[in-house]
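Undergrad: generate a structure from the sequence data that follows.
(one chain, ligands or ions: 1)
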Amino acid sequence: MTAAYPTLDDHLAGQDVPEALKVVVAAIATECVAIAGVVRLGGLAGALGLAGTANVQDEEQKKLDVMTNDMLTERLKACQPVAAVGSEEMDLIEPTGRTGGYLVTFDPLDGSSNIDINAPVGTIFSILPAPEGRAPVEADFLIGGRKQVGAGYAVYGAQTMLVLTLSGGVTGFTLDAQGRWHLTNPDIVVPADTKEFAINMSNRRHWAPAVRAYIDDCLAGKTGPRGKDFNMRWVAAMVADVHRVLMRGGVFLYPWDQREPDRPGKLRLLYEGAPMALLIERAGGKATTDGVTPILDVIPRNLHERCAVALGSANEIDAYAGTPAGNDLRQV
Ligand code: F6P
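TA: The predicted model follows:
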C-alpha cells in the first residue's frame with residue numbers, strides 16, 4: 001500500500017546537500033520513530049504524568065519531556081557529524097567532544113500538556129553549521145535562523161508525520177506501521193489567503209491594543225471591516241497548529257503580552273520560532289514577530305531566548321501588520 005511513495009532515504013539520496021547533513025537528518029528521523037512509539041503507548045510505557053522536576057525555564061517537566069530529551073540527546077551525541085546539542089530541557093548546550101559538522105537544537109516534546117489527554121504533540125528541530133577546528137560554545141548557536149541548514153518537526157497525531165526543509169522546499173513524510181517514513185507531501189505550499197486564525201483567546205485582555213483590534217476585526221466577520229467570516233483553531237501545541245497552517249493555510253499567533261512586559265513572547269526562538277519560520281518561509285508563507293520583522297532575522301542572545309510569533313498565510317500576516325490601531329503589536 002505504501003510502495004508508491006519514495007522513502008525518506010530515497011528522498012535524502014536525491015538532495016543536493018552534504019552527506020553529513022543527511023546523516024544528521026536520518027538520525028533525528030530515526031529517533032522520532034522511537035519517540036512516536038513511546039507517545040503511542042502513553043501510560044503503558046510509563047510516559048504520562050509529571051516528572052517532578054522543572055527545566056531551566058522553571059517549567060514543570062512531564063515524564064515524557066525528560067524521556068524524549070534523553071532519547072534525542074543520546075541519538076545525536078552518537079551521531080558522528082554532530083558537534084553539540086541544545087534543547088528546551090537543557091540548562092546549557094552539550095558538546096559531543098567532536099568539532100566541525102553541525103549543531104542541533106530541539107524541543108523534544110512540544111505541546112507536552114497535551115500528552116495526558118491524548119492530543120497531538122511533536123518534536124521540533126533546527127540544524128546549524130558548527131565552527132571548524134574548535135569545540136562549539138553557546139555563542140555558536142546564536143547566529144540567527146537564516147543560517148539554519150535544515151529544520152523540521154515530527155507531529156505525533158492521527159498520523160505521525162515528519163515535515164522537513166533542507167536546501168529547497170518543504171516536504172512531508174508519513175510513518176508506516178513498520179517504522180519507515182514515506183514521502184506523501186512532496187511540495188508543501190501555504191495558501192496566501194485564509195479565513196482561519198489560531199491564538200489563545202483567553203489572553204485577549206493581556207495583548208497589545210493592535211492585536212486585540214486585529215482579532216476583533218476577524219471576529220466581526222462578514223459585516224465587519226474584513227468582510228469575511230473567520231474560523232478559529234487552537235490545539236495548544238505549536239507543532240500541530242503550524243502543521244495545520246502548512247496543510248491548509250491560516251495564521252498562528254503568539255504575541256507579546258503585558259503579563260511579562262520584558263519578555264518578547266512565550267515561545268522559544270531557537271527551537272520553536274526559527275525552525276518553524278524556515279519551514280513557513282520556504283512554503284511561501286510569512287513568519288514574523290510582529291507582522292513585519294522576520295523571525296529568521298532575529299539574532300538570539302541565549303539558548304532559551306523567547307520571541308513573539310505571527311506566521312502563516314502571507315496576505316493574512318500583512319493584514320495583521322496593517323491593523324489600523326497602530327504598530328504596537330509588540331512591546332517595543
Ligand atoms: O512550547 C510552548 C507551547 O506548548 C506551544 O507548543 C503552544 O503553542 C503553546 O505553548 C500553548 O500555549 P497556551 O498554554 O497559552 O495554550
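Undergrad: how about the residues of the stretch 51-200 of the chain near the ligand?
TA: Within the stretch 51-200 of the chain, the positions near the ligand by Cβ under 6 Å from any ligand atom are 110-111, 200. Bear in mind the C-beta positions are built from the backbone N, C-alpha and C, glycine included.
Undergrad: those, buried ones only, as a PyMOL selection?
TA: Of those, the buried ones can be selected in PyMOL as follows, counting by 16 or more other Cβ atoms under 10 Å:
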select buried, resi 110+111
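Undergrad: so for the residues of the stretch 51-200 of the chain next to the ligand, which is the shakiest by pLDDT?
TA: Least confident entry in those, by pLDDT: residue 111, with 93.
Undergrad: confidence score at the residue of the stretch 101-250 of the chain found nearest the ligand?
TA: Using Cβ to the nearest ligand atom, residue 238 is the residue of the stretch 101-250 of the chain that sits closest to the ligand, at 3.5 Å. At residue 238, the model reports a pLDDT of 98.
Undergrad: hmm, it is touching residue 277, no?
TA: No. Using Cβ atoms under 8 Å as the test, residue 238 is too far from residue 277 to be in contact (11.6 Å).
Undergrad: these two: which is more packed in?
TA: residue 277 (30 against 25; other Cβ atoms under 10 Å).
Undergrad: so where's the protein uncertain?
TA: 1-2, 323-332 (pLDDT under 70).
Undergrad: just the helices in it please.
TA: Assigned by DSSP state H, the chain shows helices spanning 8-13, 19-41, 63-77, 209-219, 238-248, 274-282, 314-321.
Undergrad: tilt between the third one and helix 19-41?
TA: Relative orientation of helix 63-77 and helix 19-41, computed by axes from the mean of the first three to the mean of the last three Cα atoms, to 10 degrees: 160 degrees.
Undergrad: only alpha carbons, please: show helix 63-77 as CSV.
TA: In CSV, the C-alpha atoms belonging to helix 63-77 read as follows (Å, rounded to 0.1, in the frame of the first residue of the first chain):
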residue,chain,number,x,y,z
LYS,A,63,7.9,12.4,32.3
LEU,A,64,7.7,12.4,28.5
ASP,A,65,9.7,15.7,28.3
VAL,A,66,12.5,14.1,30.2
MET,A,67,12.3,10.7,28.3
THR,A,68,12.3,12.2,24.9
ASN,A,69,15.0,14.7,25.7
ASP,A,70,17.3,11.8,26.8
MET,A,71,16.4,9.8,23.7
LEU,A,72,17.2,12.5,21.2
THR,A,73,20.2,13.7,23.1
GLU,A,74,21.7,10.2,23.2
ARG,A,75,21.0,9.6,19.5
LEU,A,76,22.6,12.9,18.4
LYS,A,77,25.6,12.6,20.7
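Undergrad: just checking, what packs against that helix?
TA: helix 19-41, strand 50-54, strand 82-87, strand 102-110, strand 121-129 (3 or more Cβ pairs under 8 Å, 6 or more residues apart in numbering; DSSP states H and E).
Undergrad: for the third one, name the packing helices and strands.
TA: Right, the one you point to is strand 82-87. helix 63-77, strand 94-95, strand 102-110.
Undergrad: go through the helices and strands packed on helix 63-77 and pick out the most buried.
TA: Stretch with highest mean neighbour count among the helices and strands packed on helix 63-77: strand 102-110 (a mean of 29; mean count of other Cβ atoms under 10 Å).
Undergrad: make CSV out of the residues of the stretch 51-200 of the chain next to the ligand and add distance to residue 38.
TA: Listed next are those as CSV, based on distance: Cβ to Cβ, whole Å:
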residue, distance to residue 38
110, 15
111, 15
200, 27
